[in-house]
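S.K.: model this:
(one chain, ligands or ions: 2)
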Amino acid sequence: MFRIGIVGTGAIGKEIARAIDSGIVPAKLEAIWDRDEEEAKSFAATLKSKPKVLPLKELVEESNFVVEAASQAAVKEVGIAALGAGRSVMIMSVGALADKELLERLRSLAKNCHCSIYVPSGAVCGLDGVKSASIARIDTVTITTRKPREGLRGAPFIVKNNIDIDKITEPTTIYTGPASVAIKEFPANVNVAASLSLVGIGFDRTIVNVVVDPTIKRNIHEIEVKGEFGELKTHVENVPSGFNPKTSYLAALSAIATLKQVCEPLKIGT
Ligand SMILES: NC(=O)C1=CN([C@@H]2O[C@H](COP(=O)(O)OP(=O)(O)OC[C@H]3O[C@@H](n4cnc5c(N)ncnc54)[C@H](O)[C@@H]3O)[C@@H](O)[C@H]2O)C=CC1
Ligand SMILES: O=C([O-])CC(=O)C(=O)O
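M.R.: Numbering: from 1, shown residues only. Ligands and ions are numbered 1, 2, ... in the order given. Below you'll find the model as predicted:
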């Protein structure tokens, strides 16, 4: 049986923990960790399974599958600790994998320990089609992310450029450029662009538009891909997490669905 350890018990980590606790994922929730240890302890107490609250090293020792749901900065530490100890890992802060050196290091650790690195589709739809399409030639990939003000507030790009998002009263594109830059400028907003880049034509050729849209209440992601296979368009209107408005509920559901797939023998989808 999988014994899962979760690093980061914010919006996504808590949903995953509850899904394991309630039996949606057929695994044991062995341990959790958050840099806010007190918060992690009080959350652990609300769960039936009463997971241990353990710092990273101990969490890895006690688990046989590790989930990162913390931050891009945490991916290196968590990935190396887990894969280095022979544990498969699921990464939510996918933007960290734009760092080619880190990606190659994690891949080679995973290969050596016969483990896997899982990247869920997160808050977007259509990665299955892009993955299939990438077997042949893909010409262009664009993702347009529209979020209400609260979904983008505090992003480095907004702070650096002194953009007063409270003064934006109609849908406004504030960024257009490669995913490699977008993921640094909007680290908590466009991890989906990183997953799309990994599955498609890479971080430099995947184009990201970020739109502040005060007229909407949902986080909308639209993907457009053209290539030898034809054309693909997806559109998802996500309900934001009640806990973190930057994060869509679907991202947590996607993580839970991925864990279910890891734990069960029947695998569906590309
Ligand atoms: N792949 C995808 O589609 C999506 C990915 N994300 C990303 O997933 C990650 C988790 O998202 P949320 O749960 O919404 O974030 P959150 O901000 O609600 O929770 C993150 C938690 O991790 C903790 N944390 C941060 N760094 C840590 C570290 N080094 N060690 C231990 N704990 C640490 C924080 O204290 C916080 O409790 C974020 O990086 C977010 O940007 C979010 C939405 C979609
Ligand atoms: O949850 C979302 O809508 C997307 C998101 O924040 C991310 O990819 O970082």
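
S.K.: what sits against the closest residue to residue 73 other than its chain neighbours?
M.R.: Excluding the flanking residues, the one nearest residue 73 by Cβ to Cβ, 6 or more residues apart in numbering is residue 96, at 7.6 Å. C-beta here means a position set from N, CA and C on the backbone, and glycine is covered the same way. Shown in contact with residue 96 (Cβ atoms under 8 Å, 6 or more residues apart in numbering): 72-73, 75-76, 102, 194.

S.K.: can you give me the strands for the stretch 51-200 of the chain?
M.R.: 52-53, 65-68, 88-91, 117-118, 138-147, 172-178 (DSSP state E, counting those that start in this stretch).

S.K.: ranking those by burial, who's on top?
M.R.: strand 65-68 (a mean of 26; mean count of other Cβ atoms under 10 Å).

S.K.: that one packs against which elements?
M.R.: Under the contact criterion of 3 or more Cβ pairs under 8 Å, 6 or more residues apart in numbering; DSSP states H and E, strand 65-68 touches strand 3-7, helix 72-84, strand 88-91, helix 249-263.

S.K.: got the angle between the last one and strand 3-7?
M.R.: When axes from the mean of the first three to the mean of the last three Cα atoms, to 10 degrees is applied, the directions of helix 249-263 and strand 3-7 differ by 150 degrees.

S.K.: hang on, residue 59 packs against residue 31?
M.R.: Yes: the criterion here is Cβ atoms under 8 Å, and residue 59 meets it with residue 31 at 4.5 Å.

S.K.: hey, what's in contact with both of the two?
M.R.: Residues touching both residue 59 and residue 31 (Cβ under 8 Å, 6+ apart) are 5, 52.

S.K.: which one, of the strands of the stretch 51-200 of the chain, ends up nearest to residue 26?
M.R.: Smallest distance to residue 26 across the strands of the stretch 51-200 of the chain (Cβ to Cβ): 12.2 Å, for strand 65-68.

S.K.: closest to residue 228 among the contacts of residue 96?
M.R.: residue 194 (23.8 Å).

S.K.: so who does the closest one touch?
M.R.: Counted by Cβ under 8 Å, 6+ apart, residue 194 has contacts 94-98, 179, 183, 203.

S.K.: quick one: which of the residues you listed sit in helices?
M.R.: Residues of those located in helices (DSSP state H): 179, 183.

S.K.: farthest pair within the contacts of residue 194?
M.R.: Pairwise distances across the contacts of residue 194 peak at 12.9 Å for 96 and 179 (criterion: Cβ to Cβ).

S.K.: got the contact list for the closest residue in space to residue 155 that isn't next to it in sequence?
M.R.: Excluding the flanking residues, the one nearest residue 155 by Cβ to Cβ, 6+ apart is residue 186, at 4.7 Å. Counting by Cβ under 8 Å, 6+ apart, residue 186 makes contact with 145, 152, 155-157, 175, 210.

S.K.: near ligand 2, which residues of the stretch 1-150 of the chain?
M.R.: Proximity of the stretch 1-150 of the chain to ligand 2 (Cβ under 6 Å from any ligand atom) is limited to residues 122-123.

S.K.: does stretch 9-19 reach ligand 1?
M.R.: Yes: using Cβ under 6 Å from any ligand atom, stretch 9-19 reaches ligand 1 at 9-13.

S.K.: identify the residues contacting that stretch?
M.R.: With Cβ under 8 Å, 6+ apart, stretch 9-19 has contacts from 6-7, 25, 29, 32-34, 39-40, 43, 47, 51, 67, 69-70, 92, 241, 243-244, 247, 249, 251-253, 255-256, 259.

S.K.: drop anything exposed from the residues you listed.
M.R.: Taking 16 or more other Cβ atoms under 10 Å as the criterion, what is buried in these is 6-7, 25, 29, 32-34, 40, 43, 47, 51, 67, 69-70, 92, 241, 244, 247, 249, 251-253, 255-256, 259.

S.K.: number of nearby residues for the closest residue to ligand 1 within the stretch 51-200 of the chain?
M.R.: For the stretch 51-200 of the chain and ligand 1, the shortest gap (Cβ to the nearest ligand atom) falls at residue 122, measuring 1.9 Å. Residues lying near residue 122 (other Cβ atoms under 10 Å) number 26.
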